[in-house]
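In: Got a predicted model here, sequence first, then my questions.
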Amino acid sequence: MPSNLVIPREYADVLDWAAVVRNPDETEKMYRHIIVYNTPISSSPPDFSQVVVHIQGFVAKLNLHPLGDWNPSTGHGGAVSAKQYIALIDCNVPAPFEAQVKALNHLIGAKGIRLERKVFTRGSPKGAVKSALLPGDDLTGKARSMEPSWYVKDKLVVQEQQNGVVVQRNHAVIKAGDFVDVSLVLQVQKRPPATRPRVRVDLAMREIVLLQARSEIYKKYLKETRGEGSQVSGGEDAMSG
């Protein structure tokens, strides 16, 4: 990977590595700025691409349902805070995981790795919207009933690596204990005047790739330790965090 795409080790260098710019495609007032690489990816013509961060770890907790933690009974009121999320842990492999946490701390002040994603986008009561929901995503129909005021603009991409090939999968394939790669972008949130901090940087999940399932990891380490499960980081239960 080119060095200009790697998060700098020192906080002072982050200021030269990335910049905040206006996002002309964003309709929500709070998220009209994004973070881009300060060095163009291509020079002819200059292409200042949005910063994309890849995080790897073992899944501790998650909710990747297309509607996330939204409760249909809350309707419009709950749409504003509805999120999908995934929390990652090191599972007794601390060194590389701690390096990721340190890098994220340079960007947003993170102390751990809990990644989130907004479910709904605010629309216009009289506007036309294109929902990304499929019939099976909203069995009650209550999410679709909020359109166009609130709608699912796009869905989290879930994939699985199989024999070196990445294939599209349903969100249910990801489970606690799995080893995953999560790609995310940085959203600059400009908040109301009375809110502190006035500006906040959020990590927004974009894609998740299942690199190795918990069951396969457990089988592999059992085989390597000749069936001595007690040596496998505390057995299978340790894989769930």
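Out: Cool, the structure landed.
In: got the contact list for L88?
Out: 55-60, 97, 113-115, 180, 182 (Cβ atoms under 8 Å, 6 or more residues apart in numbering). C-beta coordinates here come from the backbone N, C-alpha and C atoms, glycine included.
In: Looking at those residues, which are in helices?
Out: Among these, DSSP state H puts F97 in helices.
In: Make a markdown table out of the contacts of L88 and add pLDDT.
Out: Putting the contacts of L88 into a markdown table (pLDDT from 0 to 100) gives the following:
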| residue | pLDDT |
| --- | --- |
| I55 | 91 |
| Q56 | 93 |
| G57 | 93 |
| F58 | 94 |
| V59 | 95 |
| A60 | 94 |
| F97 | 88 |
| I113 | 86 |
| R114 | 87 |
| L115 | 89 |
| V180 | 96 |
| V182 | 95 |
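In: Apply the buried test to the contacts of L88 and list what passes.
Out: Neighbour-count burial (16 or more other Cβ atoms under 10 Å) applied to these gives 55, 57-60, 97, 113, 115, 180, 182.
In: Return the member of those residues nearest to N23.
Out: L115 (20.0 Å; Cβ to Cβ).
In: Report how many residues lie close to the residue nearest to R206 when sequence neighbours are not counted.
Out: Leaving aside its sequence neighbours, R206 sits nearest to S183 (Cβ to Cβ, 6 or more residues apart in numbering; 5.1 Å). Per other Cβ atoms under 10 Å, the neighbour tally for S183 reads 15.
In: Regarding the chain, what is its longest strand?
Out: Longest strand in the chain, counting residues (DSSP state E): strand 199-212.
In: quick one: contacts of it?
Out: 35, 52-53, 56, 64, 84, 86, 104, 107-108, 110, 115-118, 156-161, 166, 169, 173-174, 178-191.
In: quick revisit: what about the buried ones among the contacts of L88, which are in strands?
Out: Short answer: the buried ones among the contacts of L88 in strands (DSSP E) are 55, 57-60, 113, 115, 180, 182.
In: What residues sit buried inside the longest strand of the chain?
Out: For strand 199-212, the neighbour count (16+ other Cβ under 10 Å) marks 201-206, 208-211 as buried.
In: where do the strands sit along this structure?
Out: Under DSSP E, the chain gives strands at 18-22, 33-37, 52-63, 83-89, 113-118, 121-122, 150-151, 157-162, 165-168, 179-190, 199-212.
In: Which one of the contacts of L88 is nearest to R122?
Out: Nearest member of the contacts of L88 to R122, counting by Cβ to Cβ, is L115, at 21.6 Å.
In: I'd assumed Y85 was in contact with that closest one.
Out: Yes: using Cβ atoms under 8 Å, L115 is in contact with Y85, at 6.6 Å.
In: got a list of what A82 touches?
Out: Neighbour list for A82: 67-70, 118-120 [criterion: Cβ under 8 Å, 6+ apart].
In: Buried subset of those residues as a PyMOL selection?
Out: Per 16+ other Cβ under 10 Å, the buried members of these correspond to this PyMOL selection:
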select buried, resi 67+68+70+118+119+120
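In: follow-up on the earlier one: could you dump the buried ones among the contacts of L88 to CSV with distance to C91?
Out: CSV is the format used below for the buried ones among the contacts of L88 (distance: Cβ to Cβ, whole Å):
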residue, distance to C91
I55, 14
G57, 8
F58, 4
V59, 9
A60, 9
F97, 8
I113, 12
L115, 17
V180, 12
V182, 15
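In: okay, who's weakest in the contacts of A82 by pLDDT?
Out: By pLDDT, K118 ranks lowest within those, coming in at 91.
In: wait, what's in contact with the closest residue to it other than its chain neighbours?
Out: Excluding its sequence neighbours, the residue lying closest to K118 (Cβ to Cβ, 6+ apart) is K83, at 6.2 Å. Each residue near K83 by Cβ under 8 Å, 6+ apart is listed here: 63, 68-69, 116-119.
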